[in-house]
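J.: Predicted model and sequence below, questions to follow.
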Amino acid sequence: MRECISIHIGQAGIQVGNACWELYCLGSLLLERLSVDYGKKSKLGFTVYPSPQVSTSVVEPYNSVLSTHSLLEHTDVSILLDNEAIYDICRRSLDIERPTYTNLNRLVSQVISSLTASLRFDGALNVDVNEFQTNLVPYPRIHFMLSSYAPVISAEKAYHEQLSVAEITNSAFEPSSMMAKCDPRHGKYMACCLMYRGDVVPKDVNAAVATIKTKRTIQFVDWCPTGFKCGINYQPPGVVPGGDLAKVQRAVCMISNSTSVVEVFSRIDHKFDLMYAKRAFVHWYVGEGMEEGEFSEAREDLAALEKDYEEVGAEFDEGEDGDEGDEY
């Protein structure tokens, strides 16, 4: 038997408006209770972070820092999303001039469906949900992932495009395919999970991965020579009838652990610092029973997280510059 608990509260308690404090508090409290009551269960979270340009709430930097502080402790794997990145994918790939939340959610649902497909369908190389944590998280705190999905094409284009395994794999690694606004070329991959669905055979997957490894724009850290976890599920992805996404024979969802994710945190920290320096809007949180010291604690935790990512990336450089050890 499998137990899957899905919590979706005000876009993960981060990008919320009027009831920001209540929702942030409820989301974090539920996570805390779940980690106490179900300590051995793997907890995967899909977290909608603030977009660089598009803002839904004035106090979202506060909510983001406070929520990340909670996510660090109470989730095992957190997959980062942001609305602006998904808006851009809808506009560019689906030719939707003004994407709605329905358009965005249908795209995100494909990622979630791919992650849980192994629980529902058979495949040659099924990836169990617990394996994400085992294969993607090198250190407990380094568990914030990027996601991408390919192919994202409209029904009109699907009639004359038969995308191969190699093409959809290349597309998944494109910076424009990432569902969070950060550029993987600015960092290094620590691990990567590719989940294929539909008409896919291991031979094609191995060839596609071998090609990816030769690309200079896609760099892995030196201390993780294998880097890839691949899964194949024979069930092709389903789509909403009359929806934006085309029904395709094969698709891939990529979940990757990259040091470039620190760009998301540094943006949030900068906005947080500007507001917190003036203690703007803090009285609303204090009035609801929160202590001002919790802001400083959460901000310090995020600064430590940024430093953790820097050190993980720096290990690669130190390994190159240091003395060569004996071979065993």
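T.: Received, thanks. Numbers count the residues shown, from 1 in each chain.
J.: Can you read off the backbone torsions of Lys188?
T.: Backbone geometry at Lys188, expressed as degrees, to the nearest 10, gives phi -130, psi 140.
J.: What is the neighbour count of it?
T.: 20 (other Cβ atoms under 10 Å). Glycine gets a C-beta too; all of them are placed from N, C-alpha and C.
J.: what's the spacing between Pro184 and Ser55?
T.: 24 Å (Cβ to Cβ, to the nearest Å).
J.: More neighbours: these two, which one.
T.: Counted by other Cβ under 10 Å, Pro184 and Ser55 do not tie: Pro184 has more neighbours, with 24 against 13.
J.: Would you mind listing the buried residues in the longest helix anywhere in the chain?
T.: Ranked by residue count under DSSP state H, the longest helix found in the chain is helix 293-321. By neighbour count on 16 or more other Cβ atoms under 10 Å, the buried set for helix 293-321 is 295, 298-299, 301-302, 305, 308-309, 312-313, 316.
J.: Now do that helix, average pLDDT.
T.: Here helix 293-321 scores 83 as its mean pLDDT.
J.: now do stretch 212-229
T.: Stretch 212-229 comes out at a mean pLDDT of 87.
J.: chain center to that stretch: distance?
T.: 18 Å (Cα atoms, centre = their mean, to the nearest Å).
J.: Repeat that for stretch 231-241.
T.: So, by Cα atoms, centre = their mean, the centroid of stretch 231-241 is 20 Å from its chain's centroid.
J.: same thing with stretch 103-114?
T.: 12 Å.
J.: Only C-alpha atoms, please: export that stretch in PDB.
T.: The C-alpha trace of stretch 103-114 is given here as PDB (Å, rounded to 0.1, in the frame of the first residue of the first chain):
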ATOM      1  CA  ASN A 103      -3.100  26.800 -18.300                       C
ATOM      2  CA  LEU A 104      -0.300  27.000 -15.700                       C
ATOM      3  CA  ASN A 105      -1.800  24.300 -13.500                       C
ATOM      4  CA  ARG A 106      -2.200  21.900 -16.500                       C
ATOM      5  CA  LEU A 107       1.500  22.200 -17.200                       C
ATOM      6  CA  VAL A 108       2.500  21.700 -13.500                       C
ATOM      7  CA  SER A 109       0.100  18.700 -13.300                       C
ATOM      8  CA  GLN A 110       2.100  16.900 -16.100                       C
ATOM      9  CA  VAL A 111       5.200  17.100 -13.800                       C
ATOM     10  CA  ILE A 112       3.400  15.800 -10.800                       C
ATOM     11  CA  SER A 113       1.800  13.000 -12.900                       C
ATOM     12  CA  SER A 114       5.200  12.000 -14.200                       C
END
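J.: quick one: the strands in the stretch 201-328 of the chain?
T.: Assigned by DSSP state E, counting those that start in this stretch, the stretch 201-328 of the chain shows strands spanning 228-233, 250-258.
J.: now the ones you listed in TSV, with distance to Gly243?
T.: Formatted as TSV, these follow (distance: least, Cβ to Cβ, whole Å):
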stretch	distance to Gly243
strand 228-233	21
strand 250-258	14
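J.: Buried deepest among the ones you listed, which one?
T.: strand 250-258 (a mean of 25; mean count of other Cβ atoms under 10 Å).
J.: now that one and strand 228-233, what's the angle there?
T.: Interaxial angle of strand 250-258 relative to strand 228-233 (axes from the mean of the first three to the mean of the last three Cα atoms, to 10 degrees): 150 degrees.
J.: Give me the mean pLDDT for strand 250-258.
T.: 95.
J.: Could you please name the strands it pairs with and the direction of each pair?
T.: The pairing partners recorded for strand 250-258 under DSSP bridges are strand 144-150 (antiparallel), strand 189-198 (antiparallel).
J.: how about it as CSV, C-alpha atoms only?
T.: In CSV, the C-alpha atoms belonging to strand 250-258 read as follows (Å, rounded to 0.1, in the frame of the first residue of the first chain):
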residue,chain,number,x,y,z
ARG,A,250,6.4,10.1,-25.7
ALA,A,251,7.4,12.7,-23.1
VAL,A,252,10.1,13.3,-20.5
CYS,A,253,10.0,15.1,-17.1
MET,A,254,13.3,16.2,-15.6
ILE,A,255,13.9,16.8,-11.9
SER,A,256,17.5,18.1,-11.3
ASN,A,257,19.6,19.2,-8.4
SER,A,258,21.6,22.2,-9.6
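J.: now the angle between helix 293-321 and that strand, please.
T.: For strand 250-258 against helix 293-321, the angle by the same axes, to 10 degrees is 100 degrees.
J.: when you give positions from now on, start the count at 30
T.: Taking 30 as the first residue, the last one we looked at is strand 279-287.
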